[in-house]
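A.B. asks: need a 3D model of the following:
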Amino acid sequence: MTNQEIEHVYNLQANFYKTQKTKSLCFRLDVLQKLKQVLTDKNNFSSIIKSLNQDLGLFEFDNIESEYEFCLSELDYFLKNLHTLVMPKKVKNNMSTMFYKTYKIYEPLGLTYIMSSYNLPLRFTLVPMIESIAAGNVTIIRISDSLVNFKKSFSDIINSNFDKEYLFVASLTKEESNFLLNKKIDHIVYSGSQSVAKQIMHFASLNLSKFTFLLSDKSPCVLLEDADIDLACEKIVKGKFLFSGQTSVSVDNLYVKNSQLELVKTKLKEHIFKLFDIKNNDLSKYSKVVNQKHFDRLKNYFLQGKSYTGGNLDINELRLQQGIISDVNFKSKLDIEEIFGPILPIYTYKSFSDLLTKLDVRMENKPIAFYIFGKNLKNIEILLNRYSFGGACVNDTLIQLSNNNLPYNGVKNSGINSINGIYGFETFSHIKSVAIAPNKVNKLRFPPFTDEIKDIDRIVKFFYKI
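C.D. replies: Residues are numbered from 1 along each chain as shown. As a prediction, the model looks like this:
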């Protein structure tokens, strides 16, 4: 798009928002209902799934349909509950407002710009888009350039069914996106890397725009000594290698008791070979690495530790066999950087206190996810309470993403603000506070103060022990 075209779409949406039409409950429900019809159309569904398969080389293990179903459940949530969510909500009064009517009102923020990455592309495109519409905003969306086919399919479907004055998928280069970010956007949503998020934060600061970042970091997984190792390894393999490890909530590093290292490596390898039906180094069932740049980055990780399994390459198809690496070189890129690929480094600990010492360093960046396998509830509770993270899962992986009654969010380096259900609705809304005074003058607030008022003052001081 040219800057003139971007300016045109921006002005269309800014002016349409001023008409107040998007604040109407009927308008929002009509758009959401139409969106459901569009997304459940068989041809559209097939087009979107096919495009993602072309871009990421997905196969049945990745089950992209489940991501689609989650997005539809988010849509159903708002179709069922929006009439309640938009209602003014009464709040309790305190002593100062005991005679007042006080409540809060949810209003839309205005113009939302959603920038989604190739990480869980359906979830990080559709969910914030649905929540933006439900909250009453106008919305511009940019799809990652790495998803060439999905970008075309999704933009064709949305732009042919909805008016660009309130919903539009824009094909923007980085420079064109920056041009849009310089505009007075009310809410910027970005899923991706921390480095890009910092650049976007700069643009947001220029106009004091609200922003939501759905980022990622090195999400650790802890295998406690009393865990069921076979079951844990099966779930770790499933949680790590979904979409070839290219998800923000992927298991990024695994901590095991040093005496259990060899058993854990053996079980991980067994489940990899079982799940992916590996024969004769055939990589045809593996998801693709999203582009050549990331493929080159990932293959170099095998040189930064002791490779136990994996490392076979299909350079033409950008496929990489799942790898298990131990004895990771301290402060190597594999140790420091988020992997975002089908490689799992393993670290060992001597005791629970040693594990805590190592996690104290690892968890400083507050990852998006934290996984724990074990049976000792006391130790599990210590880990959950000691560290800060976006979301945790005990004795499983990824399942914390499956309930839209739970917020999806990060903290500090792993994200800002939340999506999913009511949490997303609040993220895409401004909550206005309203206090309505009684018709009579409240003599308690203004001089001259009578003896009765002074008695009340003494009661308050006694109550608060002042």
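A.B. asks: from here on, contacts and neighbour counts on C-alpha atoms
C.D. replies: OK.
A.B. asks: hey, what's the spatially most central residue of the chain bridged with?
C.D. replies: What sits nearest the mean C-alpha location of the chain, by CA atoms, centre = their mean, is L214, with 4.3 Å. L214 has these beta-bridge partners by DSSP bridges: S191, G415.
A.B. asks: touching, it and Q194? I think so.
C.D. replies: No: the pair L214 and Q194 does not pass the contact test of CA atoms under 8 Å, sitting 9.3 Å apart.
A.B. asks: need the overlap of contacts for these two.
C.D. replies: Overlap of the contact sets of L214 and Q194 (by CA atoms under 8 Å, 6 or more residues apart in numbering) consists of S414.
A.B. asks: can you list the domains in this structure?
C.D. replies: 3-215+415-430, 220-407 (automatic domain parsing).
A.B. asks: I'd like those as a markdown table, with distance to K440 and mean pLDDT appended.
C.D. replies: As requested, those are exported to a markdown table (distance: least, CA to CA, whole Å; pLDDT from 0 to 100):
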| stretch | distance to K440 | mean pLDDT |
| --- | --- | --- |
| domain 3-215+415-430 | 10 | 94 |
| domain 220-407 | 43 | 91 |
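A.B. asks: could I get those domains as TSV with distance to I466?
C.D. replies: Listed next are the domains of the chain as TSV, based on distance: least, CA to CA, whole Å:
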stretch	distance to I466
domain 3-215+415-430	16
domain 220-407	34
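A.B. asks: chain center to the longest helix seen in the chain: distance?
C.D. replies: If you go by DSSP state H, the chain has its longest helix at helix 64-85. Here helix 64-85 is found 16 Å from its chain centre; the criterion is CA atoms, centre = their mean, to the nearest Å.
A.B. asks: quick revisit: ok, the residue nearest to the centre of the chain - contacts?
C.D. replies: Residues in contact with L214 (CA under 8 Å, 6+ apart) are 189-192, 409-410, 414-418.
A.B. asks: and it, how far from I114?
C.D. replies: With distances taken as CA to CA, to the nearest Å, L214 is found 11 Å from I114.
A.B. asks: what about S259, how many neighbours?
C.D. replies: 12 (other CA atoms under 10 Å).
A.B. asks: so what does Y349 look like in phi/psi?
C.D. replies: Backbone geometry at Y349, expressed as degrees, to the nearest 10, gives phi -140, psi 160.
A.B. asks: so what's it up against?
C.D. replies: By CA under 8 Å, 6+ apart, Y349 lies in contact with 255-258, 355, 358.
A.B. asks: give me that answer again for 7 Å
C.D. replies: 255-258, 355 (CA atoms under 7 Å, 6 or more residues apart in numbering).
A.B. asks: if you rank those residues by neighbours, which is first?
C.D. replies: Counting by other CA under 10 Å, top hit in these: V256 with 23 neighbours.
A.B. asks: which element, helix or strand, includes it?
C.D. replies: strand 253-257 (DSSP states H and E).
A.B. asks: hmm, who's touching that strand?
C.D. replies: 219-225, 344-350.
A.B. asks: just the buried ones from those residues, in PyMOL syntax?
C.D. replies: Here is the PyMOL selection string for the buried members of those, based on 16 or more other CA atoms under 10 Å:
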select buried, resi 219+220+221+222+223+224+225+344+345+346+347+348+349
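A.B. asks: just the element for V222, please.
C.D. replies: In the assignment (DSSP H and E), V222 maps to strand 220-223.
A.B. asks: now the angle between strand 253-257 and the helix or strand that that strand is followed by, please.
C.D. replies: Next in sequence after strand 220-223, counting helices and strands by DSSP H and E, comes helix 229-241. Interaxial angle, helix 229-241 versus strand 253-257 (axes from the mean of the first three to the mean of the last three CA atoms, to 10 degrees): 170 degrees.
A.B. asks: and the contacts of helix 229-241?
C.D. replies: Contacts of helix 229-241 (CA under 7 Å, 6+ apart): 250-251, 264, 267-268, 271-272, 342, 373, 395-398.
A.B. asks: export that helix to PDB, keeping only CA atoms.
C.D. replies: What follows is helix 229-241, C-alpha atoms only, in PDB (Å, rounded to 0.1, in the frame of the first residue of the first chain):
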ATOM      1  CA  ILE A 229       9.000 -39.700  33.800                       C
ATOM      2  CA  ASP A 230       7.400 -41.600  30.900                       C
ATOM      3  CA  LEU A 231       4.200 -39.600  31.000                       C
ATOM      4  CA  ALA A 232       6.000 -36.400  31.500                       C
ATOM      5  CA  CYS A 233       8.300 -37.000  28.500                       C
ATOM      6  CA  GLU A 234       5.400 -37.800  26.300                       C
ATOM      7  CA  LYS A 235       3.700 -34.500  27.200                       C
ATOM      8  CA  ILE A 236       6.900 -32.500  27.000                       C
ATOM      9  CA  VAL A 237       7.500 -33.800  23.500                       C
ATOM     10  CA  LYS A 238       4.000 -32.800  22.500                       C
ATOM     11  CA  GLY A 239       4.300 -29.400  24.100                       C
ATOM     12  CA  LYS A 240       7.800 -28.700  22.700                       C
ATOM     13  CA  PHE A 241       7.500 -29.800  19.100                       C
END
